[in-house]
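My questions concern the predicted model and sequence given below.
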Amino acid sequence: MSGDEMASTEPQRDDSRAQFLTVAEVAETLRLSRMTVYRLVHSGELPAMRVGRSFRVPQSAVDALVEQSFGAQNYDDDSRAANG
């Protein structure tokens with residue numbers, strides 16, 4: 001079997017569907033403790049859905065949190081430069 005044939009038998013991943021992460025995966029991705037991620041979820045800063053006794057966080061929510069954090073940091077750097 002050639003490489004092309006093997007690739008065609010693997011299931012195609014639908015990237016249009018939402019990807020969900022566990023709290024541990026979010027913590028590892030952002031290099032935070034799991035407790036910090038739980039605090040973000042409970043405060044509403046990081047949207048999540050409850051599945052049984054655990055939470056699942058949309059990848060898009062993690063991306064938005066990172067964008068928001070970098071946006072605020074860049075704004076702080078720009079305002080210091082303007083005032084300095």
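Okay, I see it. Residues are numbered from 1 along each chain as shown.

Which pLDDT value belongs to residue 65?
Listed pLDDT for residue 65 reads 95.

burial of it, as a residue count?
By other CB atoms under 10 Å, the residues close to residue 65 number 17. Quick note: C-beta positions are derived from backbone N, CA and C, even for glycine.

how close does the closest residue to it other than its chain neighbours get to residue 19?
Once flanking residues are discounted, residue 65 sits nearest to residue 46: 5.8 Å by CB to CB, 6 or more residues apart in numbering. Residue 46 is 15 Å from residue 19, where distance means CB to CB, to the nearest Å.

Kindly report the same for residue 43.
Distance, residue 43 to residue 19, by CB to CB: 23 Å.

ok so, going back, residue 46 and residue 19 - which one has more neighbours?
residue 46 (22 against 12).

residues touching the more buried one, list them.
26, 37, 40, 57, 61-62, 65 (CB atoms under 8 Å, 6 or more residues apart in numbering).

hmm, 10 Å instead?
By CB atoms under 10 Å, 6 or more residues apart in numbering, the contact set of residue 46 is 23, 26, 30, 36-40, 55, 57-58, 61-62, 64-65.

So it: helix, strand or coil?
Here residue 46 is coil, with the state taken from DSSP: H, G, I helix; E, B strand; the rest coil.

Thought residue 42 was touching residue 50, still the case?
No. Counting by CB atoms under 10 Å, residue 50 does not reach residue 42; the two are 11.2 Å apart.
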